[in-house]
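*Asks:* Got a predicted structure here, sequence first:
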Amino acid sequence: MTTSDRCRQQSGTTRLRSITSIDELASFYAEPPDGVRANMIYSADGAAAFDGRTGPLSSETDRELLRILRGFADVVLVGAATARTENYGPVQLSDAQHATRRRCGRFKPPPVAVISRTGELPTRLVSDPSQPPLLITSAETAARHDRTGDQRCGVLVAGERSVDVVTAVALLRHHGLSRVLCEGGPTLLDELVGADAVQEVCVTLAPKPAASAPVGHRQPPSPLALPATLRLEHALVHDDYLFLKYCR
């Protein structure tokens, strides 16, 4: 019986249940899709950040969920602006997560892959030579990067003058990194959704109004003819936070 089957069996038609421990929370995410799993948080009034950062919306359980999802991933994919704003560094896993990954033949934490049109990465992200990040960029930027002689990261070229996200995901898969955890930001997520490249969406709904939700008419038009329909796998509640998982 899969996690999804257990959730439906225990929760009936609503699939809503309260959780009491981190281990219980982790069990609902232990089967990552072969493809892109997106993770995000929103305020109760629809904001993706407060004062430019997700931290004020988050909770300890939500931050622990982020670590849990990273433990199941082959690679963490993020946009450059988010990596800089959130001061990304190399992925840190618990001893238990390392042990689980070793049993599956994965002996290192997942690398962070940054989609960047400029090739600029946060200093903290390249601070550990044993965990180099991946830079996914255009051919023009990659050539400029090569000329600097900076070898602190791997470089993947996913387009000539701009980055094509479908090509980026295909390149990661080619390098054996098929279970992709996308942590945003909103622009990258929009591009992946618009390209029909997302298999699973994990949403944390924070019990906090933020008064900073984007105004719809200011956004670029969606490339989709109609919004796609997903299936609700679970709805979990902890400390008034709602943890949702939708699948294709």
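*Replies:* Perfect, thanks for sending it. Numbers count the residues shown, from 1 in each chain.
*Asks:* Flag the shaky bits of the chain, pLDDT-wise.
*Replies:* Along the chain, the parts satisfying pLDDT under 70 run over 1-15, 147-151, 214-220.
*Asks:* how about the helices in it?
*Replies:* 3-11, 22-27, 60-72, 80-85, 95-103, 139-148, 165-174, 186-194 (DSSP state H).
*Asks:* tell me the most buried of the ones you listed?
*Replies:* Most buried of the helices of the chain, by mean neighbour count (mean count of other Cβ atoms under 10 Å): helix 80-85, with a mean of 21. The C-beta positions use only the backbone N, C-alpha and C, and glycine is treated the same way.
*Asks:* name the helices or strands packed onto that one?
*Replies:* Judged by 3 or more Cβ pairs under 8 Å, 6 or more residues apart in numbering; DSSP states H and E, the packing partners of helix 80-85 are strand 112-115.
*Asks:* Would you confirm that Leu125 contacts Tyr88?
*Replies:* Yes - here Leu125 reaches Tyr88: they are 5.1 Å apart, a contact under Cβ atoms under 8 Å.
*Asks:* shared neighbours of the two, anything?
*Replies:* Counting by Cβ atoms under 8 Å, 6 or more residues apart in numbering, the shared contacts of Leu125 and Tyr88 are Val112, Val114.
*Asks:* more crowded one of the two?
*Replies:* Legend: neighbour count by other Cβ atoms under 10 Å for Leu125 and Tyr88, higher for Leu125 (23 against 20).
*Asks:* can you tell me which residues contact the more buried one?
*Replies:* Ala83, Tyr88, Gly89, Pro90, Val112, Val114, Pro133, Cys153.
*Asks:* tell me which of those is nearest to Ser58?
*Replies:* Nearest to Ser58, judged by Cβ to Cβ, of the contacts of Leu125 is Tyr88 at 15.0 Å.
*Asks:* As CSV, the helices of the chain with distance to Cys247 would be great.
*Replies:* Listed next are the helices of the chain as CSV, based on distance: least, Cβ to Cβ, whole Å:
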stretch, distance to Cys247
helix 3-11, 8
helix 22-27, 16
helix 60-72, 14
helix 80-85, 24
helix 95-103, 22
helix 139-148, 34
helix 165-174, 17
helix 186-194, 14
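*Asks:* Figure out which of these is closest to Pro209.
*Replies:* helix 60-72 (16.5 Å).
*Asks:* Kindly format the C-alpha coordinates of that closest one as PDB.
*Replies:* What follows is helix 60-72 as a C-alpha-only set of coordinates in PDB (Å, rounded to 0.1, in the frame of the first residue of the first chain):
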ATOM      1  CA  GLU A  60       9.700  25.100  12.300                       C
ATOM      2  CA  THR A  61       7.600  22.300  10.900                       C
ATOM      3  CA  ASP A  62       7.600  23.900   7.500                       C
ATOM      4  CA  ARG A  63      11.400  24.300   7.600                       C
ATOM      5  CA  GLU A  64      11.700  20.700   8.600                       C
ATOM      6  CA  LEU A  65       9.500  19.700   5.700                       C
ATOM      7  CA  LEU A  66      12.000  21.500   3.400                       C
ATOM      8  CA  ARG A  67      14.800  19.500   4.800                       C
ATOM      9  CA  ILE A  68      12.700  16.300   4.400                       C
ATOM     10  CA  LEU A  69      12.000  17.000   0.800                       C
ATOM     11  CA  ARG A  70      15.600  17.700   0.100                       C
ATOM     12  CA  GLY A  71      16.600  14.300   1.500                       C
ATOM     13  CA  PHE A  72      14.400  12.600  -1.100                       C
END
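*Asks:* now for that helix, which elements pack on it?
*Replies:* helix 22-27, strand 36-42, helix 95-103, strand 180-182, strand 200-205, strand 241-247.
*Asks:* Turn the ones you listed into CSV, including distance to Ile68.
*Replies:* Shown next, in CSV, are these (distance: least, Cβ to Cβ, whole Å):
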stretch, distance to Ile68
helix 22-27, 5
strand 36-42, 10
helix 95-103, 8
strand 180-182, 10
strand 200-205, 10
strand 241-247, 11
